[in-house]
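> Here is a sequence together with a model predicted from it:
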Amino acid sequence: MTRNEWSTGTWTHEPASVSADPDGLLVTCVEGSDAWRHTSYGFVHESEHALVAPLEPGSAVEVVFLADFSQQFDQAGVYLCWDSEHWIKAGCEFADGRLQVGAVVTDGHSDWSVRPVDWLGQRVRVRASWSDGAVTIRAGLDGEALELVRVAPFDAQAPVSAGPFTCAPTRAGLTTRFTSWEVLPADVSLHP
């Protein structure tokens with residue numbers, strides 16, 4: 001396991017502000033920030049705030065953040081990408097009046113899967129394991145067992161970068177606190 005320092009990453013798109021303190025990293029989103037391609041809505045958004053560093057096959061990226069969201073589509077979690085048309089974002093999103101856990105998998109077009117969770121206002125851990133041409137996404141409350149969220153194909157054809165992300169598609173002023181960013185070996189199996 002390697003704990004990444006916040007300074008090791010590069011932003012895909014600069015946030016409104018970033019500050020570090022002993023408890024982690026505070027990231028304030030630009031209003032309208034998001035990542036999405038085409039499906040259902042018809043638009044392309046490429047303005048997410050993802051702090052990414054290279055990720056090797058056979059590795060997992062894991063982040064912990066405070067799921068303190070209140071506005072439609074406030075979101076944070078893990079972001080993996082190899083180019084602007086091939087990426088995954090997974091974590092928590094406030095949608096339709098409640099907190100959801102899920103993932104957006106993009107291969108030219110985005111898809112979206114979510115389910116409600118009772119994690120609002122708590123620290124959430126999200127892990128994305130990349131091996132054998134797939135990404136396995138797990139999430140849960142920090143300190144508790146992680147639950148399977150999604151398994152998706154991810155046959156990257158170029159170097160992959162990964163790390164924490166946050167977006168605020170519908171408002172200004174969302175600040176997300178990240179408390180951990182780690183790289184560790186990919187999960188050894190799909191099921192315990």
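Structure's in. What do you need? Numbering: from 1, shown residues only.

> Just list the residues touching residue 123, thanks.
Residue 123 sits next to 64-67, 141-143, 179 when contact means CB atoms under 8 Å, 6 or more residues apart in numbering. For every residue, glycine as well, the C-beta is placed using N, CA and C.

> filter those residues to the buried ones?
Among the contacts of residue 123, those that count as buried by neighbour count (16 or more other CB atoms under 10 Å) are 64-67, 141-142.

> now those in JSON lines, with pLDDT and secondary structure?
Shown next, in JSON lines, are these (pLDDT from 0 to 100; DSSP: H, G, I helix; E, B strand; the rest coil):
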{"residue": "64", "pLDDT": "98", "secondary structure": "strand"}
{"residue": "65", "pLDDT": "98", "secondary structure": "strand"}
{"residue": "66", "pLDDT": "98", "secondary structure": "strand"}
{"residue": "67", "pLDDT": "98", "secondary structure": "coil"}
{"residue": "141", "pLDDT": "98", "secondary structure": "strand"}
{"residue": "142", "pLDDT": "98", "secondary structure": "coil"}
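
> Of those, which is the nearest to residue 129?
residue 64 (16.0 Å; CB to CB).

> for this protein, what helix or strand is lowest in average pLDDT?
strand 44-46 (a mean of 69; mean pLDDT, DSSP states H and E).

> Just checking: what are the partner strands of the helix or strand that it is followed by?
For strand 44-46, the succeeding helix or strand toward the C-terminus, using DSSP states H and E, is strand 49-55. For strand 49-55, the paired strands and their directions (DSSP bridges) are strand 10-11 (antiparallel), strand 160-167 (antiparallel).

> so where is the chain shaky, pLDDT-wise?
1-2, 39-45 (pLDDT under 70).
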